[in-house]
Structure formats: C-alpha cells, structure tokens
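A.B. asks: Sequence and computational prediction follow.
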Amino acid sequence: MSKFTHFILFNVIMYFTYLVIDKIFTFLGCYSDPRLGESLTVMPTNGDMVWIIINSVVSAIFAFYILYKIKDEF
C-alpha cells in the first residue's frame, strides 16, 4: 500500500475509534456537560480537555496498532 493509503486508513480508523471512546466517556458522565461538542455555547473545562487528550492518545495508539496489523497482512 502507498503512504497516502496508509494516511487515509490511519485517519479513518482513528476517527471511528475516537467516536466510540467519546460515546463511552459521554455515557459514563466524564465530561462536565453532555452537550460538549454538540453546541457551540458549551466550552470545555480543564478536566474535559484532559479527557479529550486521553481519548486522542488512545485512539492514535489503537489506530497505529490496527494499521500495523493490516500492513502485515498485505
């Protein structure tokens, strides 16, 4: 696969992983307001930013792992 294909595949995997983890965090009530990300009037607090960064890092690690497994198959 080309580097462009890897780039697109990584971003798609990361996007869907981020969505799933974000739904879990929202369901568990980790964010200060459940409307965070849906309404422009809701601003994230420092605690929300920590959860968003954790979500981004976990999503990136998971996407790298899945991409590595896919590269081994081809």
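C.D. replies: Arrived safely, thanks for sending. Numbering: from 1, shown residues only.
A.B. asks: residue ranges of the helices in the protein, please?
C.D. replies: Secondary structure of the chain (DSSP state H): helices located at 3-28, 46-73.
A.B. asks: Mean neighbour count, mean pLDDT and distance to residue 35 for those helices - can I get that in JSON lines?
C.D. replies: C-beta here means a position set from N, CA and C on the backbone, and glycine is covered the same way. Formatted as JSON lines, the helices of the chain follow (neighbours: other Cβ atoms under 10 Å; pLDDT from 0 to 100; distance: least, Cβ to Cβ, whole Å):
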{"stretch": "helix 3-28", "mean neighbour count": "13", "mean pLDDT": "93", "distance to residue 35": "10"}
{"stretch": "helix 46-73", "mean neighbour count": "13", "mean pLDDT": "92", "distance to residue 35": "12"}
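A.B. asks: quick one, which of the ones you listed is nearest to residue 38?
C.D. replies: Closest approach to residue 38 among the helices of the chain is made by helix 3-28 (9.6 Å; Cβ to Cβ).
A.B. asks: Just list what the closest one packs against, helices and strands only.
C.D. replies: helix 46-73 (3 or more Cβ pairs under 8 Å, 6 or more residues apart in numbering; DSSP states H and E).
A.B. asks: what sits against the residue sitting nearest the centre point of the chain?
C.D. replies: Geometric centre of the chain, nearest residue: residue 18, 2.1 Å, by Cα atoms, centre = their mean. Residue 18 sits next to 55-56, 59 when contact means Cβ atoms under 8 Å, 6 or more residues apart in numbering.
A.B. asks: could you dump the residues you listed to CSV with distance to residue 4?
C.D. replies: As requested, the contacts of residue 18 are exported to CSV (distance: Cβ to Cβ, whole Å):
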residue, distance to residue 4
55, 26
56, 22
59, 21
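A.B. asks: Would you tell me which one of the residues you listed comes nearest to residue 13?
C.D. replies: For those, the residue nearest residue 13 by Cβ to Cβ is residue 59; the value is 8.4 Å.
A.B. asks: Please tell me I have it right and the closest one contacts residue 21.
C.D. replies: Yes. Taking Cβ atoms under 8 Å as the definition, residue 59 is a contact partner of residue 21 at 6.2 Å.
A.B. asks: distance between stretch 62-74 and the chain's centre?
C.D. replies: 17 Å (Cα atoms, centre = their mean, to the nearest Å).
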